[in-house]
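1. here is my input, please return the structure:
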Amino acid sequence: SGGGEFERLDTRYAGAAANGSTRPDFDARPRSDRQALWADGTWESVHGLRVTVGMRSDDATLVGRRQYDPRTSLAFERGRLGLTAAWGRYTQVAEPTFHRPATPDAAFTPMRLEQVILGAQWGGDTLGLRVELYEKWYDGLWQFDRTLQPVGNGRGRARGADAFFKWRPFPSTMTRLTWSTVASQRTDPNTGTMARAIGDLAHSVTWVTESRWRTWTIGTARRWATGRPFTDITGTVAGPSGPEPVWGAPNASRLPDYGRLDLSLSYYRGLGADRGPARPPTGATLPAGDRRGDADAARRHPVAAADA
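-> Got it, this is the predicted structure:
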């Protein structure tokens, strides 16, 4: 299969000095036109093996060069056991707000991501377990520093694991447990050194349970996560306009651990066989997400500098 797409983004933004002046330092109206073509193919074996190979190509006016991103994935299924592997490259042009009028298009490089994902799963509808290991490499990241100036050519790396467990202990009860861990680094835009990324979370756990009794549904969602890294202020020094902060090592400190518990109670009353429920469920839930690698060349995966 294959296809193409065209996207045009017209923007306008202005910047002024932070000293109270209303005179803009710049007033930019960049236009970003992006054209993309993709193609992929899948081969399946009678022995349960499926191979998908794809290629995606993007060309954006803000970058002035065409990018080529190959992707491939393997999947093997035998009974209740499934094995997956995926590799791919992804390219994304930063938002026009990172582009300054004085920046030549050749210097506005695209952000790039290369990733490898390995996965294994076992089970069925009532009991299942899936484990994924992944590693990602980032290049050409665009970020804002403390003065809100764009800084490019950032690098990053992330290595982590996800585990998903689901269990139906009773016909009316389903529970899902998700555990994730990731160690990630990226270039700090203020110092140019490698430091923890905002998405560096040692542990993140989500436990969701839903039980039904007649026309009632009771749901619980428990979430706990390690605190996100941040750069602390270690002191102050005298500056031209007053005290100025002294910053510590980039993202060397962490916020307190995060915890949350949600409870929900929903009641359904049907209006007829063809009309559906009178009231949708209103409780808050935290679905257990699934990070899957694939070679679907039609998808544009985001390259997020913050999570690198």
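2. pLDDT-wise, which helix or strand of this structure ranks last?
-> Across the helices and strands of the chain, mean confidence by mean pLDDT, DSSP states H and E is lowest for strand 24-28: a mean of 67.
3. the helix or strand that that strand is followed by pairs with which strands, parallel or anti?
-> Using DSSP states H and E, the helix or strand that follows strand 24-28 towards the C-terminus is strand 31-44. Paired neighbours of strand 31-44 in the sheet (DSSP bridges): strand 2-10 (antiparallel), strand 49-60 (antiparallel).
4. quick one: contacts for residue 265?
-> By Cβ atoms under 8 Å, 6 or more residues apart in numbering, the contact set of residue 265 is 216-219, 283. Every residue, glycine included, has its C-beta placed from N, CA and C.
5. equivalent analysis for residue 234, please.
-> Counting by Cβ under 8 Å, 6+ apart, residue 234 has contacts 246-248.
6. which of the helices or strands spans it?
-> Going by DSSP H and E, residue 234 is in strand 233-239.
7. average pLDDT for that strand?
-> The average pLDDT within strand 233-239 is 90.
8. stretch 2-11 too?
-> Stretch 2-11 shows a mean pLDDT of 86 in the predicted model.
9. contact partners of it?
-> Taking contacts as Cβ under 8 Å, 6+ apart, the residues outside stretch 2-11 that touch it are 28-40, 96-97, 298.
10. and of the contacts of residue 234, the nearest to residue 76?
-> Comparing the contacts of residue 234 against residue 76 with Cβ to Cβ places residue 248 closest, at 48.2 Å.
11. so in that sheet, which strands flank the helix or strand in which residue 75 is found, and in what orientation?
-> Residue 75 is located in strand 65-78, with elements delineated by DSSP H and E. Partner strands for strand 65-78, per DSSP bridges, with pairing direction: strand 49-60 (antiparallel), strand 81-92 (antiparallel).
12. got any ranges where this protein has weak pLDDT?
-> Within the chain, the stretches with pLDDT under 70 are 15-26, 101-106, 272-308.
13. strands paired with the longest strand belonging to it, and their directions?
-> Counting residues, the longest strand found in the chain (DSSP state E) is strand 150-170. Paired with strand 150-170 in the same sheet, following DSSP bridges, are strand 127-144 (antiparallel), strand 173-187 (antiparallel).
14. okay, buried residues for it please.
-> For strand 150-170, burial by neighbour count (16 or more other Cβ atoms under 10 Å) applies to 150-152, 154, 156-158, 160, 162, 164-166.
15. again, but for stretch 83-102
-> 83-84, 86-94, 96, 98-100.
16. just the closest of those residues to residue 192, please.
-> Of all the buried residues of stretch 83-102, residue 192 sits closest to residue 98, with 17.0 Å by Cβ to Cβ.
17. for that closest one, give me its contacts.
-> Counting by Cβ under 8 Å, 6+ apart, residue 98 has contacts 108, 142, 144, 150, 152.
18. which of the contacts of stretch 2-11 sits closest to residue 255?
-> Of the contacts of stretch 2-11, the one sitting nearest to residue 255 (Cβ to Cβ) turns out to be residue 97, at 26.5 Å.
19. if we can go back for a sec, can you redo the contacts of residue 98 as TSV with distance to residue 233?
-> Conversion of those to TSV gives the following (distance: Cβ to Cβ, whole Å):
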residue	distance to residue 233
108	32
142	25
144	18
150	23
152	26
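20. identify the farthest-apart pair in those residues.
-> 108 and 144 (14.7 Å).
21. bridged to the closest residue to residue 159 other than its chain neighbours, which residues?
-> Among residues not flanking residue 159 along the chain, residue 135 sits closest, at 4.8 Å (Cβ to Cβ, 6 or more residues apart in numbering). With DSSP bridges as the criterion, residue 135 is bridged to residue 116, residue 159.
22. wouldn't residue 135 be in contact with residue 114 here?
-> No. The criterion here is Cβ atoms under 8 Å, and residue 135 misses it with residue 114 at 9.1 Å.
23. so residue 97, which of the three states?
-> helix (DSSP: H, G, I helix; E, B strand; the rest coil).
24. hang on, it packs against residue 12?
-> No. In this structure, residue 97 is not within contact of residue 12 by Cβ under 8 Å, at 10.3 Å.
25. one step back: and of the strands paired with strand 31-44, who's closest to residue 241?
-> Closest to residue 241 of the strands paired with strand 31-44 is strand 2-10 (Cβ to Cβ; 36.8 Å).
26. tell me which residues of that closest one are tucked away?
-> By neighbour count with 16+ other Cβ under 10 Å, strand 2-10 contains no buried residues.
27. equivalent analysis for stretch 204-220, please.
-> Of the residues in stretch 204-220, 204-210, 212, 217, 219-220 count as buried by neighbour count, 16+ other Cβ under 10 Å.
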